[in-house]
Structures are given as C-alpha cells and as structure tokens.
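[1] Okay, predicted coordinates and the sequence, questions at the end:
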Amino acid sequence: MEIGFDMHPVAVFMVTMAASILVFSVERALLNKLHASTFVKRSFFNKSVDRIRIRGLPLISRYGLFGLAVFVAIPIPGAGVYAGTLLSWLMGLGWQASLSMILLGATVSNGIVTLSVLGIMEGINVIG
C-alpha cells in the first residue's frame, strides 16, 4: 500500500521523523539566537521566561522529560514538535535530552497518524 506521492508508508514515516529533527534544530537555534540578541534587551521577555520556568519546575520535577514526550505524542493541534520544542526551551531543558524526548513523542504521534491513514485507506478500498 502506498500513500502520498506513491511513497511507501515507512518512507513517509522516515521523512516525517527527519522533518521533526529539522524543525526542532531550527526552532531551538532561532529561540537561542532571539533570546541572546533581542529578549535579553527587553526585561519583559526575560521576566516572562523566568516566570514560566519557575512555574514549570514542579511539573518537570514531577513528570520529568517523559512528560515532554507524552505532550508531543498527543496528535492534536497545539501539541507536537513545534510546541514541545518551545516548551523545552522555556523550561531550560538541555538540547540533547529535549531532542530525544521530542523524537520519542514524535515517533508515537507519527505512528498513530500513519496507522490511522493506512486504516482509513484500507477501509476505503474495502468499501469501494
């Protein structure tokens, strides 16, 4: 069975995982650059980031990095690689640990979506 652009489902899954790595890397680099060049000069942004980090510390200590993976794994709008990357940056989590947990969550989410699409396509083939 093939999906989108006559690609095998495994190839589509691998492309989405590569895109997740690219999105994480670019977004994290941009956030670091913006913070160093712009946000530091604006006390409002610094205070906001500090306030978010202080509020998030109990959640991070309670759920750890696994909570980040679960957040990214939920395939709904507003949760995913973009939001998970922003959340990990706001919480001050390390680059490597964030990437590994975001990829774990993205693997689950992309797997759910890929299997759903394949199931829908198979159902369409059975019906018509």
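    Perfect, I can see it now.
[2] What about residue 72, how many residues nearby?
    Using other Cβ atoms under 10 Å, residue 72 is surrounded by 29 other residues. The way it works is simple: take the backbone N, C-alpha and C, and place the C-beta from them, glycine included.
[3] quick one: contacts for it?
    By Cβ atoms under 8 Å, 6 or more residues apart in numbering, the contact set of residue 72 is 79-81, 83-84, 101-102, 104-106, 109.
[4] which two in these are spaced the farthest apart?
    Within the contacts of residue 72, 83 and 104 form the most distant pair, 15.2 Å apart (Cβ to Cβ).
[5] For the residue sitting nearest the centre point of the chain, give me its contacts.
    Nearest to the geometric centre of the chain sits residue 81, at 1.6 Å (Cα atoms, centre = their mean). For residue 81, the contact set (Cβ under 8 Å, 6+ apart) comprises 20, 23-24, 72, 102, 105-106.
[6] So which of the residues you listed belong to helices?
    20, 23-24, 72, 102, 105-106 (DSSP state H).
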